[in-house]
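>>> what shape does this take:
(chains A and B)
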Amino acid sequence: MEALIALVIGVLTAGGVFLALRDHTFPVVLGLTLLSYAVNLFLFVMGRLAIGVPPVITETASGYTDPLPQALVLTAIVISFGMTAFVIALALKARAELGNDHVDGLQHEEDRHA
Amino acid sequence: MNLADHLPVLPVVLPLVIGILLISLRNAPPALQRGASVSATLALLPLALALVQATGDGTHLVYKLGNWEAPYGIVLVADRLAAWMLMTTALLALFALLYALNGTDTQGRHFHVLFHLQLFGLNGAFLTGDLFNLFVFFEILLLASYGLLLHGGGRLRVKAGLHYVVINLVGSTLFLFAVGTLYGVTGTLNMADLGVKLAATPPENLALVQSAALLLFGVFALKAALLPLHLWLPAAYAHTSAPVAALFAIMTKVGAYSILRVYSLIAGETSGPLAGLLDAWLVPAALATLAFGMAGALASTSLRQQAAYLMVASIGTLLVAFGLGSTEALAAGLYYLPHTTFATAALFLLADSIAHGRGERADRFESGPAMPRARLVGGLFFVVAIAVAGMPPLSGFLGKVMLLQAAIDSPWMVWVWATVLATGLAGVIALTRSGSLLFYRTHSAHGALLTPPSNAALAPTFALLALIAGLVAAAGPLSGYAAAIAAQIKAPQHYMDAVLGGTR
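Coordinates of the predicted model:
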């Protein structure tokens, strides 16, 4: 399970970095989203992997999982969600203002010939 | 608990409450919004002053939110450093806001709301004692700064804003990776507790902790615009509106503050295996930033662009001081910090007045008709240029002299002296060139009707210069106070004792 989770985080991060380095705003936004998924998962597992144990105190529980990363990841999800919404709106505004969706506002060679 | 016990939380709560209040006042007459906004910003001054007084004797005011004991609850910690930063922010914000009343605030919606949320984020970042909360306050100030940066709109602003937002989102992700790793290893996010736990890092976790701490340094370096992570700054700051750029003068200092705060706690001289973690990185990177910023200032084609590059150079000087790390060097840096914040802010405000006064040539370095009130504006530019370049008799010079003196015993002495002195000369040359192009090489106007900058637009620049003059007049006590802050930073065990109390 540890190896699987590590692999998932690694693949998400690699995909996120790759897409964030693209030259059009839409892949960049997708890349940022993947990066935020990766970091949320990473934060979550920092409380260690545990199955079927509660995070809050109950009378019957035999063990507990760390509740703090769950609170942290909730905060991080809310923040990254808001940021993604903002960056999408900004990317649309840039598309309208600059006339294309290149991150530097440049026209592509093939776009010009098309 | 009486009101005085709540003092550390007030500079955080006040801008938040006012920000929310201003949202509900969005349809109210502009005069009412402006009045509320200015009086709330004014109210930050006595709060900051009270904190300076309360922490002046070396006390750490620890405010436990929800009365949960540290390290389990979240704490705000006010010490001399935090109070010093709050004071600088409050003064800067007041004059940036007064300038914005000249019309910037009505170019788009919600300027005052965003302004106060920005102050909320800034003050919170200076006061928090918790690493995750530092992240949250960073996000608040960044989100407000995105709105402020784009305020007024326009093609170049949107393009620079997109780069700024994307690079800061990547920075936030890295911040979370670093925070997550530190939590995974130590099980705490309270900065004082982190300092204690990291000092006892077992060897098998050392590499993990070091990489997390260096990743965190990368994030702070990005916020501070340290070379090679500075590329977002010149375009973003040069294209935004003047009061926003002036307020952002403190934002890069948040990165520098975080480096100082976090690494004094987790990588100070007494922190065991992590001690001296940044020694190999900070001074060379800061010197390169200083040199690069000045090179950019020499090559700039407009005054606002030049001001942005001079801001990069100023953060270089500041981080050289923080990187040297001796008590004297920290004192020099902390004395230099308000000076350089006010000076760059004044330059941004004045550049905007000049751009308006010169009509369609704006602030580009090309000869044009003489601007109206050229003597007054030119005289102001002369004084601001002296302040920004760090020449006598203003406080930038004193700060640099203190820095050079502090560098004498350091292994970096030759590099620091050579770079600081050479870039000082380059700064003088760059500003002389822009001053002569803007004010001397003029020709008579041909029917161009230029509007002179109003007194209300020039007054905040005057006021910021008066603050710099105050920094010179009170150089003795203020540098003494800076030395007291530095001494407190160099003794992080008092911070840890104050925060952790009996639980340690």
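>>> neighbours of the spatially closest residue to residue B:327 that is not a sequence neighbour, just the number please.
In this structure, residue B:327 finds its nearest non-sequential neighbour in residue B:486, 4.6 Å apart by CB to CB, 6 or more residues apart in numbering or on different chains. For every residue, glycine as well, the C-beta is placed using N, CA and C. Residues near residue B:486, counting by other CB atoms under 10 Å in any protein chain shown, number 27.
>>> likewise the one 3 residues further on?
Using other CB under 10 Å as the criterion, residue B:489 is surrounded by 24 other residues.
>>> show me the contacts for residue B:367.
Residue B:367 sits next to B:437, B:441, B:442, B:443 when contact means CB atoms under 8 Å, 6 or more residues apart in numbering or on different chains.
>>> hmm, I typed the wrong one, I wanted residue B:368.
Going by CB under 8 Å, 6+ apart, residue B:368 touches B:358, B:359, B:361, B:442, B:443.
>>> so which of those are in helices?
Taking DSSP state H, every one of the contacts of residue B:368 sits outside helices.
>>> grab the nearest non-local neighbour of the residue in chain B positioned nearest to chain A.
Nearest residue of chain B to chain A: residue B:184, at 3.9 Å (CB to the nearest CB). Spatially, and ignoring its direct neighbours in sequence, residue B:184 is nearest to residue A:46 (3.9 Å; CB to CB, 6+ apart).
>>> need the pLDDT of residue 103.
Went with chain A since none was named. pLDDT for residue A:103: 80.
>>> you answered for a different chain; I wanted chain B.
For residue B:103, pLDDT reads 80.
>>> what about it, how many neighbours?
When neighbours are counted by other CB under 10 Å, residue B:103 registers 14.
>>> just say helix, strand or coil for residue B:233.
helix (DSSP: H, G, I helix; E, B strand; the rest coil).
>>> give me the neighbour count for it.
Close neighbours of residue B:233, defined as other CB under 10 Å, add up to 25.
>>> residue closest to the middle of the chain?
No chain was given, so I picked chain A. Nearest to the geometric centre of chain A sits residue A:36, at 1.9 Å (CA atoms, centre = their mean).
>>> now it: closest residue in space, sequence neighbours ignored.
Nearest to residue A:36 is residue A:80, by CB to CB, 6+ apart, at 3.7 Å.
>>> check which residues of the host helix or strand of that neighbour are buried.
Here residue A:80 sits within helix A:68-98, counting by DSSP states H and E. Buried positions in helix A:68-98, judged by neighbour count with 16 or more other CB atoms under 10 Å in any protein chain shown: A:68-69, A:72-73, A:75-77, A:79-80, A:83-84, A:87, A:90-91, A:94-95, A:97-98.
>>> returning to what we had before: quick one, phi/psi of the residue nearest to residue B:184?
phi -70, psi -20 (degrees, to the nearest 10).
>>> nearest spatial neighbour of residue B:119, skipping sequence neighbours?
In space, residue B:119 is closest to residue B:15, 4.1 Å off (CB to CB, 6+ apart).
>>> need the contact partners of whichever strand or helix holds that neighbour.
Per DSSP H and E, residue B:15 falls inside helix B:10-24. Contact with helix B:10-24 is made by B:33, B:36-37, B:40, B:43-44, B:47-48, B:51, B:76, B:86, B:90, B:110, B:112-114, B:116-117, B:119-120, B:123-124, B:127, as judged by CB under 8 Å, 6+ apart.
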